[in-house]
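K.L.:
only geometry, no sequence info:
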């Protein structure tokens with residue numbers, strides 16, 4: 001049975017909310033998909049400090065917005081079918097909560113449900129340098145079934161702008177859900193068969 005075309009997108013309080021915002025923008029261009037958004041209090045702050053967006057601008061990109069404290073929301077239950085969940089950016093606090101099943105808010109509860117239902121959970125951790133605690137939490141989250149996709153810089157697509165770097169990360173995230181992003185550059189794809 002195919003999942004409904006629903007994706008949970010959460011932004012936690014790490015630097016880099018533009019990655020989650022760009023993901024929401026790309027998803028909004030796909031009318032067949034429904035997005036369920038949760039913003040942490042930290043994300044609300046970093047959106048204002050790091051981007052030209054307001055919180056209302058970001059919320060307007062989603063199909064449904066859930067309050068972080070609403071642990072009774074639809075996305076808190078495994079019976080609510082979704083394709084998966086992305087936390088972008090993922091703070092080290094949120095990573096620790098996911099890695100250790102500490103479901104104190106809706107982001108962590110939805111991530112826990114995503115893992116227990118064996119659905120795809122993509123975490124986009126944003127921190128540097130990494131401590132041993134961070135690395136152990138990343139290992140624990142991976143062992144539990146999460147996919148860690150740090151927003152690493154890549155240059156084989158020859159980006160001309162910071163937006164190009166962000167778009168490449170978003171394209172990699174969407175790829176994990178088999179969602180094609182127009183303009184996403186794949187390594188040597190044009191040379192296949194030559």
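P.N.:
It's in. From a predicted model like this one, the values you see are computed outputs, not experimental measurements.
K.L.:
Averaged pLDDT, whichever strand or helix holds residue 43. What do you get?
P.N.:
Here residue 43 sits within helix 41-50, counting by DSSP states H and E. Mean pLDDT, computed over helix 41-50, is 98.
K.L.:
repeat for stretch 94-113
P.N.:
For stretch 94-113, mean pLDDT rounds to 97.
K.L.:
so how far is it off the chain centroid?
P.N.:
The chain centre lies 14 Å from the centre of stretch 94-113; the measure is CA atoms, centre = their mean, to the nearest Å.
K.L.:
And for stretch 158-168?
P.N.:
Per CA atoms, centre = their mean, the displacement of stretch 158-168 from the mean C-alpha position of its chain is 18 Å.
K.L.:
Likewise for stretch 136-152?
P.N.:
The chain centre lies 13 Å from the centre of stretch 136-152; the measure is CA atoms, centre = their mean.
K.L.:
if we can go back for a sec, which residues touch the helix holding residue 43?
P.N.:
Identification of contacts with helix 41-50 by CB atoms under 8 Å, 6 or more residues apart in numbering yields 11-18, 20-21, 39, 53-55, 58, 68, 89, 91, 93. Every residue, glycine included, has its C-beta placed from N, CA and C.
K.L.:
got it, and stretch 69-78?
P.N.:
The contact list for stretch 69-78 (CB under 8 Å, 6+ apart) reads 8, 36, 38, 64, 66-67, 80, 82, 85, 103, 105-106, 109-110, 113, 116-117.
K.L.:
For the buried ones among those, write the corresponding ChimeraX selection.
P.N.:
Typed into ChimeraX, the line below selects the buried ones among those, using 16 or more other CB atoms under 10 Å:
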select :8,36,38,66,80,82,85,103,105,106,109,110,113,117
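K.L.:
Could you list which of the contacts of stretch 69-78 belong to helices?
P.N.:
Judged by DSSP state H, helices contain the following of those: 106, 109, 110, 113, 116.
K.L.:
I figured the first one hits residue 65, correct?
P.N.:
No: Residue 106 lies out of contact with residue 65 (CB atoms under 8 Å); the separation is 11.0 Å.
K.L.:
Give the intersection of the neighbour lists for those two.
P.N.:
Common neighbours of residue 106 and residue 65 (criterion: CB under 8 Å, 6+ apart): residue 38.
K.L.:
out of the contacts of helix 41-50, which are buried?
P.N.:
Neighbour counting with 16+ other CB under 10 Å marks 11-18, 20-21, 39, 53, 58, 68, 89, 91, 93 as buried within the contacts of helix 41-50.
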